[in-house]
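Novice: This is a predicted model, with the sequence first.
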Amino acid sequence: MKCTTSDTHTMHAPAWLVVLICFCTESASAMNCFPRRRPIIFSIKNFVNTKERVWTYKISKPVRIRCQYNLMRFITPEHIVYNRTFVYNGGRQSIVLQGEFRTQRRDRMDLSTTDLEPRFLCTETLIYMANNASCGVVKLEPARNGTVYYELRVKNTYVSTVPD
């Protein structure tokens with residue numbers, strides 16, 4: 001499916017699908033499908049450190065944003081700056097965001113705008129990453145007590161059709 005501005009589908013996935021992806025992966029054994037805690041801490045810096053588009057393939061909550069991808073501008077050991085491009089209300093938009101990597105939690109980064117007065121948006125936690133880093137499940141905790149939700153993100157090389 002191609003991303004067009006006239007398409008009115010929303011980008012979302014049932015919450016059960018995201019939970020299934022999170023728990024029934026390589027980290028779950030045949031005898032204990034639902035581990036008490038996540039034994040592997042994935043590096044969000046390693047996942048986002050790519051020159052290719054990273055598509056938001058599915059979101060666990062209904063949204064009106066479509067065809068969303070992130071494209072890195074530059075990365076340092078402390079942070080990443082990237083463009084987030086998406087279709088909203090029939091028009092393509094792009095915003096510049098900055099992720100600050102946490103030194104104590106390598107699976108997390110704090111996301112903010114790059115305006116003159118930066119605004120904290122959310123904390124992203126990489127809770128799953130494929131062995132080849134082709135995709136990952138990201139938990140998003142919005143600022144101001146927003147509802148936690150999950151995104152399945154896939155690198156461009158591994159996308160056969162453009163996500164809705």
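Specialist: Looks like it came in fine.
Novice: what's the burial count for Lys45?
Specialist: Lys45 has 20 neighbours, counted by other Cβ atoms under 10 Å. For every residue, glycine as well, the C-beta is placed using N, CA and C.
Novice: Next, work out how far apart it and Arg119 are.
Specialist: Distance of Lys45 to Arg119, given as Cβ to Cβ, to the nearest Å: 22 Å.
Novice: repeat for Leu152
Specialist: For Leu152, the distance to Arg119 - Cβ to Cβ - is 26 Å.
Novice: Then Arg106?
Specialist: Look at Arg106 and Arg119: by Cβ to Cβ, they are 24 Å apart.
Novice: Looking at those two, which one has more neighbours?
Specialist: Arg106 (15 against 10).
Novice: Pull out the buried residues from stretch 41-48.
Specialist: The neighbour-count check on stretch 41-48 (16 or more other Cβ atoms under 10 Å) flags 42, 44-45, 47-48 as buried.
Novice: Quickly name whichever of those residues is closest to Ser94.
Specialist: Distances from Ser94 to the buried residues of stretch 41-48, taken as Cβ to Cβ, are shortest for Val48 (16.9 Å).
Novice: how far does stretch 85-94 sit from the chain's center?
Specialist: 17 Å (Cα atoms, centre = their mean, to the nearest Å).
Novice: Output it as CSV, restricted to C-alpha atoms.
Specialist: Only the C-alpha atoms of stretch 85-94 are listed here, as CSV (Å, rounded to 0.1, in the frame of the first residue of the first chain):
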residue,chain,number,x,y,z
THR,A,85,8.1,12.5,9.0
PHE,A,86,4.4,11.6,8.8
VAL,A,87,1.0,12.2,7.1
TYR,A,88,-1.5,14.1,9.3
ASN,A,89,-4.8,15.6,8.1
GLY,A,90,-4.0,14.9,4.5
GLY,A,91,-0.6,16.6,4.5
ARG,A,92,3.0,15.4,4.9
GLN,A,93,4.8,17.0,7.9
SER,A,94,8.3,16.7,9.3
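Novice: what pLDDT, on average, does it get?
Specialist: Averaged over stretch 85-94, pLDDT sits at 94.
Novice: buried ones in it?
Specialist: Neighbour count says stretch 85-94 has 85-87 buried, by 16+ other Cβ under 10 Å.
Novice: so of the buried residues of stretch 41-48, which ones are in helices?
Specialist: Among the buried residues of stretch 41-48, the ones falling in helices (DSSP state H) are 44-45, 47-48.
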